[in-house]
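[1] can't give you the sequence, but here's the structure:
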């Protein structure tokens, strides 16, 4: 019998099944540096121990999206090795800051299963929790993926579609953010004078800059997260597939868009939650990514006067500057759109 | 007189000559992170301080092959700057674990010299020892390379071919591995339920996944090891050479194969020794590397009941999946084979 | 009003204006490792904590040029986002060593302004200081750039060309270098037997090796410094520009040349100052960089017998080996020359 992990097929999952994922990972300053080299992020809180300490963190926390990618990467061998498509995620929120030296692990519970009418595939819903070695949860999210069946004749392993939140409640948004000492928050060092009160619902911001993606870059990033999905790395087989090319990990686009968003949102120092994300089109190396954002909503954090939350839609495009905010024509996305991300960020007041 | 190092030519070596190599190197978590980004290795012991501590290490050790590459890199300016070919290595074993913060240095002793019949080149055998700043040896190996003569008329500097071990004795295999607390070794976190007892001699494992290599990746890796062999970096001159292209450092293929081997050998947490390695064919960027392994032998570690050793042959190929275990046709290697590596790994019982 | 930073135009600057730049940055061992992976630098002092301690540093200092690039990167959004050309720098010297854990920030003062006769652009002179979180300055330099006007009709904001030093006085060269314990300085580990006394004014050294630059490499490097100049990253827009290609950050060439210069200048362990640098021609990915150096002068360090200073000119070329020291034909640079760098290095006596 083969000792190679074939991954789970649709009929292998059960509602309530819990998967403890391999490989635990100690995050270090090395990961942080490489992430900076790959995306060029400039948010002061994550870049500077001194800045972070001054406003109330014990030291600079690890970038929220780096934490997300590391946790996500761990789930791939168990959840999506036989996936046809990554359909979406929802209800993602950060529960405690992560610092260099913390060891991250992940587990997932199957919370929904729905066979497709073709009976060749089914949709698997998992709730994934990332946690530290001491058991403290750092991140939760729900993901649903379309997974192949090993045997089309196998009976559906379950039939339940979970109810998922469209938008996270602001009351969970501050969990991973300590109280901020506003008097010590230095706009010049942070890169912008615009704080929570300066943004208005409906406001749109073109993030101006573009970033061209190289094969080596997305491969290094995705391996850094120990994400093993072969479509990102194996040109030999990808050439024979539907894209004819290595597909860039969707999370890479999210991180590029977040880094670009500094220009216009420099004080959005913490991604508190991701309501949902849609990878509208695949990205391949050689394309230049641009992004723009819209403020969808603003929210108070219950009991906190130090920071407020902005709900943002950030759209990333390929080879298409965003000065005119490309989005949809009727129901359809503009052909250049790669990503439609709906998330909450915190900003100092 | 030029202050540029021309490297040693065949007639510059002497039996018994000892070379203390430049540049000492403090290994850090940064090196570990970059190595992870380049190869995506997922072995839990090297990835997680928490996992490593739980089973008996003081913290996560540095990947064995990263240590090997760093030591190897130091020898290049003195040993192989004028090499025509890197012919082989043997008797490589790890003597103590390396942790971030350790400073590594290397020295080599010439243990054999054999002029070729053409009198244009000769074979140099060196025994290299990598050691920590406090003098503790971390690694030993023998390498032999064919080196050009500066002056064909020069007399041969020696004539001795050393006897080399074909296979390392299992009694040296545990030196760099502390006693493992088996009760704390968590299969789920490690990524596989298969332990030492589950593998059989003759068993073959296709590691399934493929990894396409980019120029930037092998250059960054090889520079990380401060390996200066110009054939890996200098396209301008490489274009005029026999390959017409930058040649990828052979150690890069070894690290890729090791990372791929996680799929099927997830509990092979420590490379204890390399009996020998043959770079069957050169690798160039753009190719996709695949790998498979065969269990050549199993061995008890004298006096230890925590772990056993598997002797593996791992074959890496270029643009050739390994489901049918490509190896040799008669005496000749399959044309897709890049690497034939014979080594010992430790596995928990 | 847009919250996106448009950068300053010529008429936005004022003599005496002080800009505190975003984003403070804690330098870590991760940055050091990635820098090593990108350039392969081998100077023992920066590579080994043990070597550095032995000769008098508390631990291995961060590479001087990495410090320079990080400080330089911070100034881009305020100083040169609307630059037509980076004209030069002068009077750059290092004032204290930087170690992993230090947080770096930068501020710049406008010390000169000169409108061009076209009235479309003007030259802005800034003196930039990099400093640690506790206020200790680590680096100073003057840079001048040609910056576009937003409105051609706007009056010139000032008219003053500052006097700049051609060559830094040797008395400032030792500031970032502790007293060196010469008896502990190990030539073999450092990689060369040639010390200060062995170099002569007028001596030329071909650094021999070549390094081919990949897009991913210069992008990762430049993002590591959080330098946001879009011309380095945005192929989509670059294709429409005067180069038709992403332009590699000039500092990348400096770091490559410095790393190559190890071969011939291995004991030049510290870049103490940069008198001036000229980016003679743009560099694009795919080219192979070579370098050679000439000793322009030698200087004693006042009151110090441990080390002396060499003033070097290092010339970097593209796709052009430097065995015959390509430089100028009459007034014009050889067409292959990329960089003409005039700087001081320290060497042990």
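    Cool, got the structure. Quantities reported herein were computed from a predicted structural model and do not represent experimental measurements.

[2] residue contacts, whichever residue of the stretch 201-349 of chain A sits closest to chain B?
    Residue nearest to chain B within the stretch 201-349 of chain A: residue A:223 (3.3 Å; C-beta to the nearest C-beta). C-beta: built from backbone N, CA, C; applies to glycine. Residues in contact with residue A:223 (C-beta atoms under 8 Å, 6 or more residues apart in numbering or on different chains) are A:233, B:36, B:37, B:38, B:39, B:40.

[3] what's the pLDDT at the first one?
    Note on residue A:233: pLDDT of 96.

[4] That one contacts residue A:246, correct?
    Yes - the pair residue A:233 and residue A:246 qualifies as a contact (C-beta atoms under 8 Å) at a distance of 6.7 Å.

[5] Who has more neighbours out of these two?
    Each of residue A:233 and residue A:246 has its neighbours counted (other C-beta atoms under 10 Å in any protein chain shown); residue A:233 has more, 27 against 24.

[6] now the contacts of residue A:223 as JSON lines including secondary structure and distance to residue C:136?
    Below are these laid out as JSON lines (DSSP: H, G, I helix; E, B strand; the rest coil; distance: C-beta to C-beta, whole Å):
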{"residue": "A:233", "secondary structure": "coil", "distance to residue C:136": "45"}
{"residue": "B:36", "secondary structure": "helix", "distance to residue C:136": "34"}
{"residue": "B:37", "secondary structure": "helix", "distance to residue C:136": "33"}
{"residue": "B:38", "secondary structure": "helix", "distance to residue C:136": "35"}
{"residue": "B:39", "secondary structure": "helix", "distance to residue C:136": "39"}
{"residue": "B:40", "secondary structure": "coil", "distance to residue C:136": "40"}
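
[7] mind listing the strands for chain A?
    Per DSSP state E, chain A carries strands over the ranges A:18-20, A:25-26, A:83-94, A:103-115, A:121-132, A:137-148, A:204-206, A:211-212, A:270-279, A:288-300, A:307-318, A:328-329, A:332-333, A:337-348.

[8] Identify the residues contacting the third one?
    Judged by C-beta under 8 Å, 6+ apart, the contacts made with strand A:83-94 from elsewhere in the structure are A:64, A:67-68, A:80, A:121, A:123, A:127, A:138-148, A:164-166, A:168, A:172-173, A:175-176, A:250, A:270-279.

[9] Same check on the second one?
    Residues from elsewhere that reach strand A:25-26 (C-beta under 8 Å, 6+ apart): A:70, A:74, A:101-105, A:226, B:47-50, B:60.

[10] Within the sheet, what are the partner strands of that strand, with directions?
    strand A:103-115 (antiparallel) (DSSP bridges).

[11] What residues of the partner strand count as buried?
    Neighbour counts over strand A:103-115 (16 or more other C-beta atoms under 10 Å in any protein chain shown) mark A:103, A:104, A:105, A:106, A:107, A:108, A:110, A:111, A:112, A:113, A:114, A:115 as buried.

[12] Leaving out chain neighbours, which residue sits closest to the fifth one?
    Using C-beta to C-beta, 6 or more residues apart in numbering or on different chains and skipping the chain neighbours, the partner closest in space to residue A:107 is residue A:20 (4.8 Å).

[13] Could you measure from residue A:334 over to residue A:290?
    12 Å (C-beta to C-beta, to the nearest Å).

[14] Quick one: name the residues of the stretch 51-200 of chain A near chain B.
    Residues of the stretch 51-200 of chain A lying close to chain B by C-beta under 8 Å from any C-beta of the partner chain are A:77, A:100, A:101, A:103, A:105, A:133.
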